[in-house]
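K.L.:
from the sequence below, what's the structure:
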Amino acid sequence: MTGFERLDTPRRLRDMTDVPDGTLIGRAHLPQSRDPAGVGGPTPVLVDRDVVRDLSPLGPTVAAIIARPDLLARLADEAFPVVALTHEAIAESHHSLRREGHVHLLAPLDLQVIKASGVTFVRSLLERMIEAETSGDPRHAGDVRRRLGHLIGTIGPSIRAGTPEALALLARLREHGAPSTYLEVGLGTHAEIFTKAPVLSSVGTGELVGVRADSQWSNPEPEVVLVIDGSGSVRGATLGNDVNLRDLEGRSPLLLGVAKDNNASCAIGPWIRLFDDGFTMAALMATDVTLQIWGRDGFAFRGTDPLAEMSREPQALVDQASGANHRYPDGFALFLGTMSIPTGTRRSTDEGFTHAVADEVRVSNPLLGSLTNWVETCDRTPAWQLGIGALMANLASRGLLGRD
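P.N.:
Next up is the predicted model:
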């Protein structure tokens, strides 16, 4: 029996079916039997409580649908065809339980660029500095954490990066010889914003997430992900796991791309909850994000962190990621950064946590639901095959291009 099978209990599957209130937009794979064109393929959907509805009459992609200014009104006024029961579509999304001919959820993004912001919490600032000071060697993490912990402890969780107070603190810390690479983006004017993954490469709930086999120090990064349309307006939010290789990034910040962008290293889902009168940014930022990990070695971790402790306002991050200097005609998604980086003992007291194959990782939020994935090495995750060209060919064969 594999570790995956041992961890796939009915309790886990029931937990995966939690559906929050609100307007939930996602993507699903429709088999030939459920596709009006008889072809099958990725389709924008509305998760309407107990049922999943086909939204392709509104647009061929999630990016196109999200861009509609009349979206909420159209969703409220029209009845779109049902293609699946919600709990069945979620269960079918599990990588080892999927059946031919059944609808399953995909990552809810398609043509959006996938961006990420880093070092947006004081606690993650400490961990990034530890990686740099140890040159990515987890054996020295404990000593550096103890040495830098007192220094970073002088930074209150309520400080806001880029403010005069933060800039003055940054100058004082530099005078005391503190490492400055991550301090600059943690406290300074400019945020760390980078491209996390290629368009269409993210995996959804129930899928495998990948860590490189040559990495010895890896971790999940549970985050809220904002979804922004082509005009730069924030339309909704979802959950993400920005899988990270701490040893590679710690060797040099110039290895960020190697540490962050690998096969199946970006998980997003299970859906996008649209902002409306009942779901606002303020309401979201008043909640917590919970990270849970279960390992086949018996390891278990749970951490819950408040979004209110972000050192930058979400809109400020969106403004730095887009605007006059950066345009995204199909929109983009923006990871807001992680606070919860597991440091508990797994291998030894000083080395702390690193991923093992078959780890089950769940990121959850009371307003957004739960994103659940299982860890595998990047070279053993399913090959990414549906790129932009393949998607366009599929949509054309189904007669979905050129619709209003």
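
K.L.:
please report how far the spatially closest residue to residue 209 that is not a sequence neighbour lies from residue 64.
P.N.:
Distance criterion Cβ to Cβ, 6 or more residues apart in numbering; nearest residue to residue 209, sequence neighbours excluded, is residue 373 at 4.4 Å. Just so you know, the C-beta spots here come from the backbone N, C-alpha and C atoms, and that holds for glycine as well. Distance of residue 373 to residue 64, computed by Cβ to Cβ, to the nearest Å: 27 Å.

K.L.:
which of these two has more neighbours?
P.N.:
Regarding residue 373 and residue 64, a neighbour count based on other Cβ atoms under 10 Å identifies residue 373 as having more, with 25 against 21.

K.L.:
which helix or strand contains that one?
P.N.:
Counting by DSSP states H and E, the element that carries residue 373 is strand 369-377.

K.L.:
packing partners of that strand?
P.N.:
Contact analysis of strand 369-377 by 3 or more Cβ pairs under 8 Å, 6 or more residues apart in numbering; DSSP states H and E lists helix 10-16, strand 208-211, strand 234-242, strand 266-274, strand 360-365 as its packing neighbours.

K.L.:
the same query, at a cut-off of 6 Å, please.
P.N.:
Counting contacts by 3 or more Cβ pairs under 6 Å, 6 or more residues apart in numbering; DSSP states H and E, strand 369-377 is packed against strand 208-211, strand 266-274, strand 360-365.

K.L.:
list the buried ones in the second one?
P.N.:
The neighbour-count criterion (16 or more other Cβ atoms under 10 Å) identifies 266-274 as the buried residues of strand 266-274.

K.L.:
what's in contact with stretch 237-245?
P.N.:
108, 116, 209, 212, 215, 218-221, 223-226, 259, 265, 267-268, 272-273, 284, 335, 363, 368, 371 (Cβ atoms under 6 Å, 6 or more residues apart in numbering).

K.L.:
one more time with 7 Å, if that's ok
P.N.:
108, 116, 196, 209-212, 215, 218-227, 259-260, 265-269, 271-273, 284, 335, 338, 361, 363, 365, 368, 371, 373 (Cβ atoms under 7 Å, 6 or more residues apart in numbering).

K.L.:
chain center to that stretch: distance?
P.N.:
Relative to the mean C-alpha coordinate of its chain, stretch 237-245 is positioned 3 Å out (Cα atoms, centre = their mean, to the nearest Å).

K.L.:
rewinding a little: just the CA atoms of the strand holding residue 373, as PDB, please.
P.N.:
Taking C-alpha atoms only, strand 369-377 is exported to PDB below (Å, rounded to 0.1, in the frame of the first residue of the first chain):
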ATOM      1  CA  GLY A 369     -12.600  26.800   1.300                       C
ATOM      2  CA  SER A 370      -9.800  24.300   1.200                       C
ATOM      3  CA  LEU A 371      -7.000  23.500  -1.200                       C
ATOM      4  CA  THR A 372      -5.600  19.900  -0.700                       C
ATOM      5  CA  ASN A 373      -2.500  18.400  -2.500                       C
ATOM      6  CA  TRP A 374      -0.100  15.600  -2.100                       C
ATOM      7  CA  VAL A 375       3.700  15.900  -2.500                       C
ATOM      8  CA  GLU A 376       5.800  14.100  -5.100                       C
ATOM      9  CA  THR A 377       9.100  14.800  -6.800                       C
END
